[in-house]
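# structural data only, the sequence is not supplied:
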C-alpha cells in the first residue's frame, strides 16, 4: 500500500474548480406545438464533474422551463433518465460533463412513442416485463424461517438482480425497434433472475413464454443491450443462457 | 375536466412503505396506489447497506438488544413500546421478504448473512453485532423490486405519474385526495374511505442531500396545510459519508466492512470521539465529529472542507463483491479509485425522523392526547411513529417501511371494510385548481427554481449539522421572504402535456412548508439531542425536553407548537457514549 503521506498529498491536490463550455443539442417534441420534432441548442458553462443531468437541469431551470424529462435519484439507481446521448443509450445522471464536452447531443430513447421531449411511453416496456411472471413462484412450502440457499445458488442469478428497469437495453435493440411484439432484453433479464433462482418453481412456464415468437429467439446477438446497460449486466449472456435452457429443455 | 374515482383504500406513494401497505390492503379491499413516479423509481431503491433484524444467524443476538440500540441511538426520544414492537416484528418481516424472493446474501450454510452497522451492538453496547441482513450494497433496490413484484403478482391498481396535491377532509374524517395527472394536466378526485400517505422524505430542502430530486415532502405538506400536525420536524438526519459536494450516499456498510475515516492530517479521528465503536458510532455523532475536525482546521482536500473515507486496506473481494455500488460511485462521480486513493466525503442531508404523527397501526393522530383521524394513515419516512426518535439508526428505515407499511395497510383495510363512504362536497378539487391556475396565469414573476436554490443554500448554511438561535432566527426571516416571492412565482410552461415545470413549482411550495415547520420546532427546542444540535445549548435537557414537538399551521399562516410526552419503557435515559 502506498505511503499515507503521499496519498493524503495526492488527495489535497485534486482540485475540481473551473468551468467548461458545453454546447447541448436536444431533440425536442411537443404535440401542443408541432407534429414534428425539432432541435434546440443551448450554450452552457458547467463544472467538469457535473452530471449531464445537471446540464439538462440548467437548461430547464434557467433557459427553457418547457423542457420535459424524467429523473429522480440522480445517481444511477432509479432508472428514470435513460436517454440517447451522443448516439448511445445511457443514464444522464451517470455521464459527466467532462466526458462529453464541448458538444453533446441528447435524444429520447428509441422504439417507444415520444410523448414530449425526452419523455417516452413506458407502458409497452412494462407490459413486456409483466408478461414473463416477474415474481417468485413457490410451492407454498416455505419454512417458518428463511429457506436455505447456498452462496453458489445465490450467485447463479446475481447479475440479473441488478436490473433497474431503465429500458436502456431494450431501446438499444434493433429488433425491438422494428418489431413491437418482441418482449425485449429487459423482460428476459427479469425472467432470467427467477429462472435460475433455486427457490423458484416456475422456470418451465417462463421458458415456455420466452420460447414463443415474441421471445428470446428474436434476439440476433448484437450486444447493444450489454453495452447500454448502466448497471453492467451481461444482458446478451443472460439471453443466451435462456436460449440454451429452452433448447436443452426441448419446449 | 375532473375525473372522480371511488376506492376503499388509496395509498399515496409507491416506495417500500406504500407497496407493502398495498400488498396488505389490496388482498382485502378495493385499493389504488397513486405515485408521482413509476413505482420502481422510488427512493427506497437507493438504500444500500441492509435491514436489521435479530435473526442471530451469524452471532448471538436478540430483539431486545435491537430495541435498546434503537432507543439509545434515538437519544431517548424514541417511543419505546413502538421500538420494541418494530424490533420484535423485524424477524418475521425479514423471513416474509425472503419468502417473496428477496435475494439476500447467504452464509456458507445457506442462511441469510448478516453484517455490522453503526449503533447496532450486542448486550446493550458491549461491542458491534452482526445484525444487518443485506443483498450486496443494494438492499433497498432488492426490497423495492421484491415488493413491486408482489404487487404485479396481485394485479394492484397503480396510477403512475399522478401527483397528490390535496387531502379531502369531511367533518374530521378523511374523504380522499385530489391528484394531478402529469401526462394530461387533468385533476382527479379519489373519493376514498381511507388514505395512507407514504411519500417519503424532504431532504431536497438542503443543498447537499442524498435524496432524490423528487423528495419534496408532498405528503407532510398536504397534511400540514389541512391543519393537521407534523411531529419532531426539527430532527433531520445528516449522514456522515456523502460524496463531496454531490451528497450521493456512500453506505455506512463501508465502515461496517472495515472502512475508516481520516482527517486532513491522516488521523483516524473517530478514536477520539467514540473510543469503543469508533467509526461505527451513530450518524449524528460522526457528523458532529467531522464538523469539529473541519472547524478546527483539520479538514481534508483542496478547500479543507471534507474528510477522507479510507478503504484501501480492505481485501479486494470485499470492495468488489460486498460494496460494488459504493465503489462505482467513487469511480464515476469523483474519478477516484478507492482501492488506492482516499475518497472525499462530507455530511449529507439524509433522512427525516419527523413527519406525520401516527400510532403503531399507521393511524394519523392529533395532539398530545393522540386522537386518531378516522380514515387517515401514514407510513415510512413521511410518518413519525416515533421509532427513530432524535436520530435513526442505520438500516432501521428499511425495517420501518416493511413493519409499519404492513400494519398501516392492514388497519386501513379493516377500517375500510367496516366504514361507509364519506360524504364529499361538490367540486372538491377547487382549491387545487386555483393554486395551479395562479402559476399558469401569472406571466411575470419569480422563477421557482431560484427560490428552491436559495432555500437549499440557506438551509445548508443555517439549519444543518449545527444550529443556533441566531442561525435559525435568520433562517426564519429568509423563509418569510422566500414565501412572499414564491407566492408571486410563475412557470414558463403553460401547456397541458407533461408539464413538469408546473409540478416542480408545486414541489417548491411543499418544501417551504416542511422547512417552516422544521425551523420553528428547531428554534423552540433549546437543547441538543440526536440530529438536532444547538451550538448555544449543546447539552441534552431531559428535564424539559423529553417530549415530541407538534407543529400546526394556523389559518393565518402562523405556526403553533404543542408538545407531547415521550412514551418511555424499560430504558432509562442515560448519557450516550459509544
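Great, that's in hand. Remember, predicted model here, so these are calculated numbers, not experimental data.
# hey, where'd the strands end up in chain A?
Listed in chain order, the strands of chain A (DSSP state E) span A:20-28, A:38-46, A:82-85, A:88-91, A:103-107, A:114-116, A:119-120.
# can you give me the helices in the stretch 251-400 of chain B?
For the stretch 251-400 of chain B, the helices defined by DSSP state H, counting those that start in this stretch occupy B:253-256, B:270-273, B:283-295, B:316-317, B:324-334, B:396-418.
# list, one by one, the residues from the stretch 151-251 of chain A near chain B.
Contact residues (Cβ under 8 Å from any Cβ of the partner chain) of the stretch 151-251 of chain A with chain B: A:151, A:153-154, A:157-158, A:161-162, A:164-165, A:194, A:197, A:199-200. Bear in mind the C-beta positions are built from the backbone N, C-alpha and C, glycine included.
# mind putting those into CSV with neighbour count?
Shown next, in CSV, are those (neighbours: other Cβ atoms under 10 Å in any protein chain shown):
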residue, neighbour count
A:151, 15
A:153, 15
A:154, 20
A:157, 19
A:158, 17
A:161, 25
A:162, 20
A:164, 26
A:165, 27
A:194, 24
A:197, 23
A:199, 20
A:200, 19
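# so which of those residues sit within helices?
Among these, DSSP state H puts A:151, A:153-154, A:194 in helices.
# returning to that earlier point: so which pair among the residues of the stretch 151-251 of chain A next to chain B is furthest apart in space?
Across those, the longest distance by Cβ to Cβ is 26.2 Å; it joins A:151 and A:165.
# how about residue B:560: what's its closest non-neighbour residue?
What sits nearest to residue B:560 in space, not counting adjacent residues and going by Cβ to Cβ, 6 or more residues apart in numbering or on different chains, is residue B:552, at 4.8 Å.
# that neighbour against residue B:227, yeah?
Yes - under the criterion of Cβ atoms under 8 Å, residue B:552 makes contact with residue B:227 at 6.5 Å.
# which one's more surrounded, those two?
residue B:552 (18 against 12; other Cβ atoms under 10 Å in any protein chain shown).
# next SSE downstream of the top helix by length along chain B?
Counting residues, the longest helix found in chain B (DSSP H) is helix B:500-524. As assigned by DSSP states H and E, the chain's next helix or strand after helix B:500-524 is helix B:542-545.
# show me what the residue nearest to residue B:520 when sequence neighbours are not counted bridges to in the sheet.
Beyond its immediate neighbours in the sequence, the residue positioned closest to residue B:520 (Cβ to Cβ, 6+ apart) is residue B:559, lying 4.5 Å away. In this structure, residue B:559 bridges to residue B:553 when assessed by DSSP bridges.
# so what pLDDT did residue B:559 get?
For residue B:559, the pLDDT comes out at 97.
# does chain A sit close to stretch B:253-269?
Yes - judged by Cβ under 8 Å from any Cβ, stretch B:253-269 comes into contact with chain A at B:262, B:264-266.
# quick one: terminal-to-terminal distance for that stretch?
19 Å (Cα to Cα, to the nearest Å).
# figure out how far that stretch is from the centre of its chain.
Centroid separation for stretch B:253-269 versus its chain: 26 Å, with Cα atoms, centre = their mean, to the nearest Å.
# again, but for stretch B:182-192
How far stretch B:182-192 lies from its chain's middle: 26 Å, per Cα atoms, centre = their mean.
# what pLDDT, on average, does it get?
98.
# and the closest residue to chain B within the stretch 101-250 of chain A, how far is that from residue B:371?
Proximity of the stretch 101-250 of chain A to chain B (Cβ to the nearest Cβ) peaks at residue A:136, 3.0 Å away. Noted for residue A:136: a distance of 41 Å to residue B:371, by Cβ to Cβ, to the nearest Å.
# neighbour-wise, which of those two wins?
Using other Cβ under 10 Å as the criterion, residue A:136 and residue B:371 rank with residue A:136 on top: 23 against 12.
# wait, doesn't the residue nearest to residue B:520 sit right on residue B:551?
Yes - contact criterion Cβ under 8 Å: residue B:559 and residue B:551 qualify, at 5.5 Å.
# residue contacts, whatever residue of the stretch 1-150 of chain B ends up closest to chain A?
Proximity of the stretch 1-150 of chain B to chain A (Cβ to the nearest Cβ) peaks at residue B:101, 3.0 Å away. Counting by Cβ atoms under 8 Å, 6 or more residues apart in numbering or on different chains, residue B:101 touches A:135-136, A:194, A:197, A:199-200, B:146, B:149.
# just the helices in the stretch 1-150 of chain B please.
Applying DSSP H, counting those that start in this stretch to the stretch 1-150 of chain B gives helices spanning B:16-26, B:63-73, B:80-99, B:139-153.
# so does the longest one get close to chain A?
Okay, so that is helix B:80-99. Yes - on the criterion Cβ under 8 Å from any Cβ, helix B:80-99 is in touch with chain A at B:94-95, B:98-99.
# out of the residues you listed, who's the most crowded?
Taking other Cβ under 10 Å as the neighbour criterion, residue B:94 ranks highest of the residues of helix B:80-99 next to chain A with 26 neighbours.
# separation between the closest residue to it other than its chain neighbours and residue B:144?
Distance criterion Cβ to Cβ, 6+ apart; nearest residue to residue B:94, sequence neighbours excluded, is residue B:53 at 4.4 Å. As judged by Cβ to Cβ, residue B:53 and residue B:144 stand 18 Å apart.
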